[in-house]
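In: got a sequence here, can you model it:
(one chain, ligands or ions: 1)
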Amino acid sequence: MQSAQSEWMAMFLLLFVAVTMETGGAVPTEKRLCFRPWSPCYLKVIRCPKECPYTKPKHPNAKACYLNCYSPKCEAVCHGHKPCLSTSSGCHDPRFIGADGAVFYFRGRKDEHFSLVSDPNLQINSRFIGHRPAGRTHDFTWIQALGFMYGSHNFTVEAARVKQWDGNVDHLKFSYDGKPLLVPEGHLSDWKSPDKQLTLERTGTRNSIRVMLEGIVEAMLNVVPVTKEDDEIHNYQIPSDDSFAHFEVQFRFIGLSPQVEGVLGRTYRPDYVNTAKRGVPMPVVGGEDKYKTSSLLSADCKLCLFSPKEDNEIELHILRWR
Ligand SMILES: *[C@@H]1O[C@H](CO)[C@@H](O)[C@H](O)[C@H]1NC(C)=O
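Out: Okay, here's the model as predicted:
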């Protein structure tokens, strides 16, 4: 009874946070409070936009100001964007939070593939979509697809390209071992691979999925469009015939090797040193040349470490980590 009660309590709190986060963005108000239980910022208050260091007063929406209660620093975030969720995540035009909690941009290039994680037993690649407004020197990019390789298997998940975003339509597309795969719409609808190693579970009726690779990685994915508001704030100038549906991603890794590579993976190395300039709000990190792969499911980047293995070999690996 006791434990059932505390579970409900946790669910209630989480729901409350979700609502706070959701409404926190659009309407600029005076005070922001962090309700996330166990956050170092729990119940901390900031005044908006006063305590928001990067406000661009010229744009009306730029006043949008949030308390980033996912960051140990509890700082105000004023870019008109909600922060990425916690560590090991990627979102927006893609900004990542590494294992050390530091935020960075990795721009990549539109219509190219980059390895997010490369380890002897796991490869996760991403396909970038993007847009380069006239006169700019780089693309604005977003993650449109992810490709997973592990053992002798592969799995892809994509956000379908659509002109106009409609939240009542599911935009998730999957494939397993080269064949298309359907996961019926509906909260908690799920699918398991024949060997039970891969589980997909919808975390919302549509456009949200949890990917679980037993003993290797768990990923929470949401498909979202680039909204009109994002476009205005960041001046992406995206064409009107593409909603740039993309992923917000959050990973939890289990047992990466100390040699792990990839845009996000390298932040998990014990010898990782964050080379981003200090004091810059959103440092850009490079590595495009080291992590570019020729497709969503290939491990041919310069620093890639993955090699396919037979199923019995990977099982041994998992046992070793347990
Ligand atoms: C994905 O797995 C299937 C089944 O093992 C294989 O036939 C296919 O070549 C793999 N795809 C890639 C791109 O490696």
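
In: check contacts around Pro239.
Out: For Pro239, the contact set (Cβ atoms under 8 Å, 6 or more residues apart in numbering) comprises His131. Yep, even glycine has a C-beta here, placed from its N, CA and C like the rest.

In: where's it relative to the ligand, distance?
Out: 30 Å (Cβ to the nearest ligand atom, to the nearest Å).

In: before we move on, what about Phe306?
Out: 11 Å.

In: do I have it right that that residue meets Asn125?
Out: No: using Cβ atoms under 8 Å, Phe306 is not in contact with Asn125; the gap is 9.6 Å.

In: comparing the two, which residue is more hemmed in?
Out: The neighbour comparison of Phe306 against Asn125 (other Cβ atoms under 10 Å) goes to Asn125, with 29 against 23.

In: any residues in contact with both of Phe306 and Asn125?
Out: Counting by Cβ under 8 Å, 6+ apart, the residues touching both Phe306 and Asn125 are Met149, Ala299.

In: Leu305 looks like it's in a strand, true?
Out: No: applying DSSP: H, G, I helix; E, B strand; the rest coil, one finds Leu305 to be coil, outside a strand.

In: just list the residues touching the closest residue to it other than its chain neighbours, thanks.
Out: Closest residue in space to Leu305, ignoring its immediate chain neighbours: Ser118 at 4.9 Å, by Cβ to Cβ, 6 or more residues apart in numbering. Ser118 is in contact with Ile124, Val260, Glu261, Gly262, Gly265, Tyr291, Ala299, Cys301, Leu303, Cys304, Leu305, Phe306, counting by Cβ under 8 Å, 6+ apart.

In: can you give me the neighbour number for the fourth one?
Out: Neighbours of Gly262 under the rule other Cβ under 10 Å: 29.

In: what are the bridge partners for the residue in the stretch 1-150 of the chain that the ligand sits nearest to, then?
Out: Relative to the ligand, the nearest point of the stretch 1-150 of the chain is Met149 (6.9 Å; Cβ to the nearest ligand atom). Met149 has the following beta-bridge partners by DSSP bridges: Gln123, Asn154.

In: rewinding a little: now do the residue nearest to Leu305 against Gln144, distance only.
Out: With distances taken as Cβ to Cβ, to the nearest Å, Ser118 is found 19 Å from Gln144.

In: now swap in His153 and tell me
Out: On the measure of Cβ to Cβ, His153 and Gln144 end up 22 Å apart.

In: between the two, which one's more packed in?
Out: Taking neighbours as other Cβ under 10 Å, His153 and Gln144 compare with Gln144 leading, 22 against 19.

In: contacting residues for the nearest residue to the more buried one once chain neighbours are set aside?
Out: Taking Cβ to Cβ, 6+ apart as the measure, Gln144 lies nearest to Ile129, with 4.2 Å between them; neighbours along the chain are not counted. Each residue near Ile129 by Cβ under 8 Å, 6+ apart is listed here: Lys110, Asp111, Thr141, Trp142, Gln144, Arg161, Phe244, His246.

In: now distance to Met220 and secondary structure too, for the residues you listed, in JSON lines please.
Out: Below are those laid out as JSON lines (distance: Cβ to Cβ, whole Å; DSSP: H, G, I helix; E, B strand; the rest coil):
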{"residue": "Lys110", "distance to Met220": "25", "secondary structure": "coil"}
{"residue": "Asp111", "distance to Met220": "25", "secondary structure": "coil"}
{"residue": "Thr141", "distance to Met220": "21", "secondary structure": "strand"}
{"residue": "Trp142", "distance to Met220": "17", "secondary structure": "strand"}
{"residue": "Gln144", "distance to Met220": "17", "secondary structure": "strand"}
{"residue": "Arg161", "distance to Met220": "22", "secondary structure": "coil"}
{"residue": "Phe244", "distance to Met220": "20", "secondary structure": "coil"}
{"residue": "His246", "distance to Met220": "15", "secondary structure": "strand"}
